[in-house]
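>>> predicted model follows, preceded by the sequence.
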Amino acid sequence: MPSLLRRVKSKMFIFAHRRTLTLLDGEYGSVFKGRSLDFDELRSYVPGDEVRDIDWKATARHGSPLVKRYVAVRRHSVLLLVDTGRNMAAHAASGEAKKDIAVDAAGVLGYLACRHGDDVGLLHGSALTSRYLPPQSGEEHLERLLREVEAGISLDGPASAITAQLDYALRFLKGRLLIAVLADEVRPDAHTEMLLRRLRARHEVLWLTILDARMAREPGNPAPTQEASFDVGNGQRIPAPVAGNSVVRAAYASAMRRREEERSVFFRRLGIAEQSVGATGDVLTAVFALLEKHRSGAKSAKGSNRAG
C-alpha cells in the first residue's frame, strides 16, 4: 500500500525548493515563539534573579519580592482537527477530491511538526461521531493519522458538522494544543462562534478552509451536457441546463463571494488565522500563508496588549 506521507513529502520537495522549506519551518516554529517556558511556581527573590521575573502583584500582596519560576517545555502537541463528514467527499474548486487536499494539508502540517520534534494527534468525525487519536511522535504515527483521515471520508458517510468536533475538543481535551482545523466551508453562526471563542481561550487555533467546487462545469467543457451538479451534503441534484445557465451561475458566484467575505470577517473577529485552499498544488502556499497570518496576528495582539 503506497505511503500517504511519502506522497506528501515528495510533493513538498518537488514544489518547494530548500529556501521555501526553510521558510515553512520558520513560520511553523514562530507559532510557539515565547512559549518554550511554562509557569511553575512563585518563590522568594534572591540576588541574581532577573528583575523582569518579579511578579509585582504577588509581591504587593506578600510584602516581599516574589519571582516567577518557569520550567522548560521540550515538546509541543499539535492536533489535526479534520472534518471527515460526507461533505468532504465532494469535489474541490480544482475538481480534485476534497479529501485528497485534506490529506495533503494534514500531511504538510504533521510533517512540519515531526521535523520540530513535536507530537501530532488527530480528532476527526462527522455530525454523528468523533474519533480521537492522542498526540504521539514519529512519521509512522503520522502515516496512521493520514490513513485514518482518508478512510474516514466517504459519500455514504454521515454529513459534516465541524461543531461536533469543536465541542468534543472543549469537553475532553486537556493541556494547551496547537489546533489546526481542516474543514469544509463553514457557515458562521452564534453556536460556532461561542465554541471557537472558548477553544481559542485555551489553545492556539488555525483554520484551513477547503473550497467547494463550482456549481457547474465551465461553458465549452467537453463533459456531457446531461451531467447534473450534485450536492453531497443534502443529496440534491441540479440539472445541467439549470446549473449551466449564465444567470444562475452569476447568482451562485455572487453568493459564494458573499459567503467568503462573511467567513473572513467571522474569523478576523475571533482573532483566528484562516486561509482557504482549493487544489492539492496550492497546499504548500496555503499552509505558509496560514502560519504567516497566525504569526502576524499574534504580534499585533502582543503590541495591542503592550499599548493597553
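Yep, that arrived.
>>> ranges for the helices of the stretch 151-300 of the chain?
For the stretch 151-300 of the chain, the helices defined by DSSP state H, counting those that start in this stretch cover 162-172, 190-202, 240-243, 246-270, 283-307.
>>> burial-wise, tell me which of these comes out on top.
With neighbours defined as mean count of other Cβ atoms under 10 Å, the helices of the stretch 151-300 of the chain peak in mean count at helix 162-172, which reaches a mean of 18. For the C-beta atoms, the positions are set from N, CA and C on the backbone; glycine is no exception.
>>> how big is the angle separating that one from helix 190-202?
Here helix 162-172 runs at an angle of 40 degrees relative to helix 190-202 (axes from the mean of the first three to the mean of the last three Cα atoms, to 10 degrees).
>>> distance of Ala102 from Gly271?
24 Å (Cβ to Cβ, to the nearest Å).
>>> I meant Ala105, not that one.
22 Å.
>>> and Glu292, by the same measure?
Taking Cβ to Cβ as the measure, Glu292 falls 15 Å from Gly271.
>>> ok, Asp104 - contacts?
Arg7, Val8, Lys11, Thr280, Val283 (Cβ atoms under 8 Å, 6 or more residues apart in numbering).
>>> related to what we said a few turns ago, neighbour count for Ala102 and Gly271, which is higher?
The neighbour count for Ala102 versus Gly271, taken as other Cβ atoms under 10 Å, is higher for Ala102 (30 against 15).
>>> okay, that one: pLDDT?
You'll see Ala102 listed with a pLDDT of 97.
>>> so it touches Leu80, yeah?
No: if you go by Cβ atoms under 8 Å, Ala102 and Leu80 don't touch, sitting 9.4 Å apart.
>>> joint contacts of the two?
What both Ala102 and Leu80 touch, as defined by Cβ under 8 Å, 6+ apart, is the set Val149, Leu182.
>>> about what we covered before: widest-spaced pair of the contacts of Asp104?
Arg7 and Val283 (11.6 Å; Cβ to Cβ).
>>> if we can go back for a sec, in JSON lines: the helices of the stretch 151-300 of the chain, plus distance to Gly85 and mean pLDDT.
Below are the helices of the stretch 151-300 of the chain laid out as JSON lines (distance: least, Cβ to Cβ, whole Å; pLDDT from 0 to 100):
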{"stretch": "helix 162-172", "distance to Gly85": "8", "mean pLDDT": "97"}
{"stretch": "helix 190-202", "distance to Gly85": "15", "mean pLDDT": "96"}
{"stretch": "helix 240-243", "distance to Gly85": "23", "mean pLDDT": "67"}
{"stretch": "helix 246-270", "distance to Gly85": "18", "mean pLDDT": "85"}
{"stretch": "helix 283-307", "distance to Gly85": "20", "mean pLDDT": "75"}
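>>> go through these and name the closest to His62.
Of all the helices of the stretch 151-300 of the chain, it is helix 283-307 that lies closest to His62, at 25.1 Å by Cβ to Cβ.
>>> helices and strands around the helix or strand where Pro134 lies, which ones?
Assigned by DSSP states H and E, Pro134 belongs to strand 130-136. Contact here means 3 or more Cβ pairs under 8 Å, 6 or more residues apart in numbering; DSSP states H and E; on that basis strand 130-136 packs against strand 77-83, strand 119-125, helix 139-152, helix 162-172.
>>> for that strand, buried residues please.
For strand 130-136, the neighbour count (16 or more other Cβ atoms under 10 Å) marks Ser130, Tyr132, Leu133, Pro135 as buried.
>>> got JSON lines for those, with distance to Ala90 too?
JSON lines is the format used below for the buried residues of strand 130-136 (distance: Cβ to Cβ, whole Å):
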{"residue": "Ser130", "distance to Ala90": "21"}
{"residue": "Tyr132", "distance to Ala90": "25"}
{"residue": "Leu133", "distance to Ala90": "24"}
{"residue": "Pro135", "distance to Ala90": "29"}
